[in-house]
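# What would the 3D arrangement of this be:
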Amino acid sequence: MSHTVKDAKNNLSGLIRLAEKGEPQIIRRHDTEVAVVVSIADWQKVNGKKESLVEFLRNSPLDEILPYLERPDDLPREVIV
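I've put the predicted structure just below:
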């Protein structure tokens, strides 16, 4: 459901209650959607613990596919400066 900023300010507890039930509430300013009220459970699903790049690479299946990757034996390109 969508609300103006003014309506959202006047009925914040109602918006929070709806969000807790799993119904995200969109807030508009001048007919432009600017914010969303969501439950903490929904927020954590989207923004859970972020992996570092190192953790991501360690958890990736990259080591399983590396043996199947081939690089061409071509000479590198000539660089003109």
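
# For the rest of this, base every contact and every neighbour count on C-alpha atoms.
Fine.

# Quick one: name whatever helix or strand follows the longest helix seen in the chain.
Among the segments of the chain that qualify as a helix by DSSP state H, the longest is helix 12-20. Using DSSP states H and E, the helix or strand that follows helix 12-20 in sequence is strand 25-29.

# Which SSE is immediately downstream of that following strand?
Towards the C-terminus, the helix or strand next in line after strand 25-29, according to DSSP H and E, is strand 32-37.

# Run me through the strand neighbours of that next one, direction for each.
strand 25-29 (antiparallel) (DSSP bridges).

# For the partner strand, output the C-alpha coordinates as CSV.
Once non-C-alpha atoms are left out, strand 25-29 reads as follows in CSV (Å, rounded to 0.1, in the frame of the first residue of the first chain):
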residue,chain,number,x,y,z
GLN,A,25,4.3,0.2,3.1
ILE,A,26,5.4,2.6,0.4
ILE,A,27,5.7,6.3,1.3
ARG,A,28,5.4,9.0,-1.5
ARG,A,29,6.5,12.6,-1.6
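
# That strand to helix 12-20, inter-axis angle?
Calculated by axes from the mean of the first three to the mean of the last three Cα atoms, to 10 degrees, strand 25-29 forms an angle of 130 degrees with helix 12-20.

# contacts for strand 25-29?
In this structure, residues lying in contact with strand 25-29 by Cα atoms under 8 Å, 6 or more residues apart in numbering are 1-5, 8, 15, 18-19, 33-38.

# ok, and the most crowded of the residues you listed?
Of these, residue 15 is surrounded by the most neighbours, 25 neighbours in total, counting by other Cα atoms under 10 Å.

# OK, contacts around that one?
Shown here is residue 15, whose contacts under the criterion Cα under 8 Å, 6+ apart are 8, 25, 37.

# pLDDT and distance to residue 72 for those residues - can I get that in a markdown table?
Formatted as a markdown table, the entries for those read as follows, by pLDDT from 0 to 100; distance: Cα to Cα, whole Å:
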| residue | pLDDT | distance to residue 72 |
| --- | --- | --- |
| 8 | 96 | 60 |
| 25 | 96 | 53 |
| 37 | 96 | 51 |
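
# In this protein, what helix or strand scores lowest on average pLDDT?
When the helices and strands of the chain are scored by mean pLDDT, DSSP states H and E, helix 62-65 comes last with a mean of 74.
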